[in-house]
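1. here you go, sequence then predicted model.
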Amino acid sequence: MRGRSDHPAVRALAVERDPTTAPAAPGGPTACPLDCPDTCELAVDVRKGRISAIRAAGNGDGGFICGKVAGFARRQYHDDRIRHPLRRTGSRGGSFERIGWDDAIELIVDRFETIRRESGGEAILPFHYGGSNGLLTDGSMDRAFFARLGASRLLKTVCAVPTTEVATGMYGRMPGVAFEDVPRAKSIVIWGANPRASSIHLIPRLRAARERGAFIAAIDPRKNFSDREIDLHLPVLPGTDLPLALGLIRWWCEHDCIDRAFVDRHTRDVDILIAAAMTWPMDRVAAVTGVPVNALVTLAERFAAATPALIRCGWGPERNRNGGQAIAAILAIPALLGKFGVRGGGYLMSNGGGTRVRPSPAVTGRPWETRTINMSSLGSVLTDPPDPPVRALFVYNANPVATLPDQRRVLEGLAREDLFVVVHDQVMTDTAALADVVLPATTFLEHDDLRVSYGRYVFGRVRPVVEAEGEARSNAWVFASLARALGWDEEPFTWSPSEFVQHVVNGVTLGGTRVHAEVMGRGGVQAYDFAGATPVQFVTVQPRTPDGFVHLAPEVLGPNPYEFLPSSPDLPLAMISPASSRLVSSTFGESNLRRLVVDIHPTDAVPRGIGDAQPVWVFNAQGEVHCHARVTPRVRPGVVSMPKGAWRRSSGNGLTATALCPAHLNVVGGAACYNDARVDVRPA
Ligand code: SF4
């Protein structure tokens, strides 16, 4: 190991405080950056330097927030909180010893330099996800560091890739219907989304729409709403949203519901879509999806007849090998039926396209053309190494053990003794426990960030409201420090924290307006201006495709758009792993989900001799998960449901839902196919 004095920057770090984590004043307003479409403005009470309460700021968006963030202090002060840098002392997954930041930086820099010299920069892989991060903590200082290092690039494919690629190919990410306009809709389809788990601020708006007489339908293998809340539940079999959407389109064609004038004027390739739809008569759709014909026809009639009519498309339909095609068929519906052009009508999916972010060239300007590695294939990349093999993994903003498909293989890969693993995280996650070096990360209550909402039309200014616990540091600080320890005395690694924030915020426009200095100073959220009211699709906002048309068979669907690829029925039950109201992806797994439960319908439980709360094994050829059954009609027959993001400690054998999820990838974007898992269940 090189002597510490060779790294003057390292010596300086030992005494230098992370200035991005210094609260200007304790408590006050900030914004929630967690992976949720709502981006709430928060009021944080601080007493004697500790958080005493977190609530909605003022009456902003209903004046309430979710219980997860209201209880964030549990994570902030949890026993599992990482407060100091740690180094592994024994076998992997065993014990750690406390070290200083200077030792940690030196250790990482030395290993990176050795690996780069022996195998090239591509043998180092940054592993991260930005779901709960903003513009300062994802894709900025980290990107500049790994690009300069020549590391492999990571394809982030566990969520929202098919939806984003399809929405871009079809509409150029045209902004969607605003939350505020949902109550105006007369017919609403909630397709593969559960606002009770994520985006709770849609719930009162759906209630308001219903009080005004709206027809509301939900398409989901789980029943997330009561009969009083919605009119129709269509319990679709996972992976069959594509035939369901195509069957509806065929019905609308046959019943003269297509808005020919709109289609001719605004779309391309309608013939390809219609030809695919015509192969799906309702009785075939019913047989494949498990949704009765009368429910399909009711939905078709009630949606076609209403104006405004709105589809709230979630991320459930994308998590199978047909996911991209399914999303394309769903997003085509408002165009085919001419549902745009009226406030509250059209679609609502991700509204992040309303923000324009022009990154600073100092942050993202450096060319980075190394090989790419798909994060969904990490297990096979680590166990069946490419050339050069991945010899170092730097994990931040992520917990791959809990979230990636094929969990057993991920664990096998992380067990490699020749793999150098660094994890920067807030708490001792399942991944951090397997690291060589663990670095303490700040929470969003301890650092600066800038959050682009992907649901509400607001921009979040996240600012520190308490001092960082122990020696926790933001990832921007960590990457700037590593860079300086490598002798890279250049922008952006030399920026002061305020210069960093300013450079990034300079490139942001919100539906045409800049971020207000007052919001930047005080923290909280800024609503978009849009030069007036919220957007109306095809009136105030238009498709942003290069030619301005809606592309109904976008190139991203590949050579066989709308081809249905059924899942292999080798086992009798389909397994989904949706978001739950207790976790945000895997965040809060240290405290909020202690016992792993699989939901199973009585029709499937009784013949297997499974009773409520009974210990069971859920299994397939990839592995088995030991958990407890919850026998409930909330999940449809033929489907079981286990929560997304559960930690290993919640399970009886240290494996969770992802251990049963297949390794194959979506046709669109190479995304993970969690909902293609097929399993069986037996009493333990
Ligand atoms: S997770 Fe969502 S609902 Fe909860 S506080 Fe954050 S933005 Fe609001």
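-> Happy to help now that I have it.

2. might you report the residue contacts of the closest residue to the ligand within the stretch 101-250 of the chain?
-> Residue nearest to the ligand within the stretch 101-250 of the chain (Cβ to the nearest ligand atom): I200, separated by 5.2 Å. Quick note: C-beta positions are derived from backbone N, CA and C, even for glycine. Contacts for I200 (Cβ atoms under 8 Å, 6 or more residues apart in numbering) come out as 38, 64, 66.

3. out of these, who's the most crowded?
-> Highest neighbour count within the contacts of I200: D38, with 23 neighbours (other Cβ atoms under 10 Å).

4. how far off centre is stretch 242-255?
-> When C-alpha coordinates are averaged (Cα atoms, centre = their mean, to the nearest Å), stretch 242-255 and its chain have centres 30 Å apart.

5. export it as PDB, just CAs?
-> Output for stretch 242-255, consisting of C-alpha atoms alone and laid out as PDB, is shown next (Å, rounded to 0.1, in the frame of the first residue of the first chain):
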ATOM      1  CA  LEU A 242     -50.600  -6.700 -23.900                       C
ATOM      2  CA  PRO A 243     -53.400  -9.000 -25.000                       C
ATOM      3  CA  LEU A 244     -55.800  -7.200 -22.700                       C
ATOM      4  CA  ALA A 245     -55.000  -3.800 -24.300                       C
ATOM      5  CA  LEU A 246     -55.100  -5.300 -27.800                       C
ATOM      6  CA  GLY A 247     -58.400  -7.000 -27.200                       C
ATOM      7  CA  LEU A 248     -59.900  -3.600 -26.100                       C
ATOM      8  CA  ILE A 249     -58.500  -2.000 -29.200                       C
ATOM      9  CA  ARG A 250     -60.100  -4.700 -31.400                       C
ATOM     10  CA  TRP A 251     -63.400  -4.200 -29.700                       C
ATOM     11  CA  TRP A 252     -63.200  -0.400 -30.200                       C
ATOM     12  CA  CYS A 253     -62.400  -1.000 -33.900                       C
ATOM     13  CA  GLU A 254     -65.400  -3.300 -34.300                       C
ATOM     14  CA  HIS A 255     -67.700  -0.800 -32.500                       C
END
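
6. so which of the contacts of I200 also contact the ligand?
-> The residues of the contacts of I200 that also fall near the ligand, by Cβ under 6 Å from any ligand atom, are 38, 66.

7. of all the contacts of I200, which comes closest to G150?
-> Distances from the contacts of I200 to G150 were compared by Cβ to Cβ; the smallest belongs to D38, at 38.4 Å.

8. the ligand contacts on the stretch 551-684 of the chain?
-> Near the ligand, when you scan the stretch 551-684 of the chain using Cβ under 6 Å from any ligand atom, you find V584.

9. the stretch 301-450 of the chain: strands as residue ranges?
-> Using DSSP state E, counting those that start in this stretch, the strands of the stretch 301-450 of the chain run over 309-313, 346-348, 355-357, 372-374, 392-396, 420-425, 437-440, 449-452.

10. would you turn those strands into TSV with mean neighbour count and distance to the ligand?
-> Output for the strands of the stretch 301-450 of the chain, formatted as TSV (neighbours: other Cβ atoms under 10 Å; distance: least, Cβ to the nearest ligand atom, whole Å):
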stretch	mean neighbour count	distance to the ligand
strand 309-313	27	16
strand 346-348	27	16
strand 355-357	16	16
strand 372-374	17	28
strand 392-396	24	20
strand 420-425	24	18
strand 437-440	25	23
strand 449-452	24	9
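
11. G71 is nearest to which of those?
-> G71 lies closest to strand 420-425 among the strands of the stretch 301-450 of the chain, at 19.1 Å (Cβ to Cβ).

12. please name the residues that touch the closest residue to the ligand within the stretch 501-650 of the chain.
-> Of all residues in the stretch 501-650 of the chain, V584 sits closest to the ligand, with a separation of 5.8 Å (Cβ to the nearest ligand atom). By Cβ under 8 Å, 6+ apart, the contact list for V584 reads 34-36, 68, 131-132, 198, 645.

13. ok, 6 Å please
-> V584 makes contacts with 34-35, as judged by Cβ atoms under 6 Å, 6 or more residues apart in numbering.

14. can you name the residues bridging to it?
-> T587 (DSSP bridges).

15. show the pLDDT at it.
-> pLDDT, the model's per-residue confidence, is 90 for V584.

16. ok, the residue lying closest to L411 once chain neighbours are set aside - how many residues close by?
-> Computed as Cβ to Cβ, 6 or more residues apart in numbering, the closest residue to L411 that is not its neighbour in sequence is V401, at 6.4 Å. Neighbouring residues of V401 were enumerated by other Cβ under 10 Å; the total is 24.

17. could you do R636 as well?
-> 24.

18. what's the spacing between the residue lying closest to it once chain neighbours are set aside and F303?
-> Setting aside the residues directly before and after it, R636 is nearest to P235 in space (Cβ to Cβ, 6+ apart), at 3.7 Å. If you measure P235 against F303 using Cβ to Cβ, to the nearest Å, the figure is 18 Å.

19. separation between the residue nearest to L411 and the ligand?
-> With distances defined as Cβ to the nearest ligand atom, to the nearest Å, the gap from V401 to the ligand amounts to 22 Å.

20. wait, that residue touches T429, no?
-> No - under the criterion of Cβ atoms under 6 Å, V401 lies out of contact with T429, with a separation of 7.3 Å.

21. now the strands for the stretch 501-650 of the chain?
-> When secondary structure is read from DSSP E, counting those that start in this stretch, the stretch 501-650 of the chain shows strands at 508-510, 513-514, 524-527, 550-551, 573-576, 597-600, 615-620, 623-631, 639-641.

22. and the next helix or strand past the longest helix seen in the chain?
-> Looking across the chain with DSSP state H, the single longest helix is helix 101-119. Taking DSSP states H and E as the definition, the helix or strand that follows helix 101-119 towards the C-terminus is strand 124-128.

23. ok, that following strand: who's next to it in the sheet?
-> Paired neighbours of strand 124-128 in the sheet (DSSP bridges): strand 392-396 (parallel).

24. contacts for the partner strand next, please.
-> Applying Cβ under 6 Å, 6+ apart, the set of residues contacting strand 392-396 from outside is 115, 124-128, 420-424, 431, 475.

25. can you rerun that using 7 Å?
-> Residues from elsewhere that reach strand 392-396 (Cβ atoms under 7 Å, 6 or more residues apart in numbering): 111-112, 115, 123-128, 142, 419-424, 431, 475.

26. go on, stretch 319-326?
-> Contacts of stretch 319-326 from elsewhere in the structure, counted by Cβ under 7 Å, 6+ apart, are 162, 165-166, 238-239, 241-242, 245, 317-318, 556-557, 561-562, 564-565, 567, 664, 666-669, 671-676.

27. the least confident helix or strand in the chain by mean pLDDT: what's the following helix or strand?
-> Across the helices and strands of the chain, mean pLDDT, DSSP states H and E gives its lowest value to helix 8-13, namely a mean of 39. For helix 8-13, the following helix or strand on the C-terminal side (DSSP H and E) is strand 28-31.

28. now for that following strand, which elements pack on it?
-> Helices and strands in packing contact with strand 28-31 are listed as strand 41-47, strand 458-462, strand 524-527; criterion 3 or more Cβ pairs under 7 Å, 6 or more residues apart in numbering; DSSP states H and E.

29. and these, which is most packed in?
-> When those are scored by mean count of other Cβ atoms under 10 Å, the highest mean neighbour count falls to strand 458-462 (a mean of 27).

30. and that one, what does it pack against?
-> By 3+ Cβ pairs under 7 Å, 6+ apart, strand 458-462 packs against strand 28-31, strand 449-452, strand 524-527.

31. residues contacting the first one, please?
-> Residues outside strand 28-31 that contact it (Cβ under 7 Å, 6+ apart): 39, 41-44, 57, 451, 460-463, 465, 522-525.

32. give me every residue in this protein lying close to the ligand.
-> Residues of the chain lying near the ligand by Cβ under 6 Å from any ligand atom: 32, 34, 36, 38-40, 65-66, 68-69, 200, 584.
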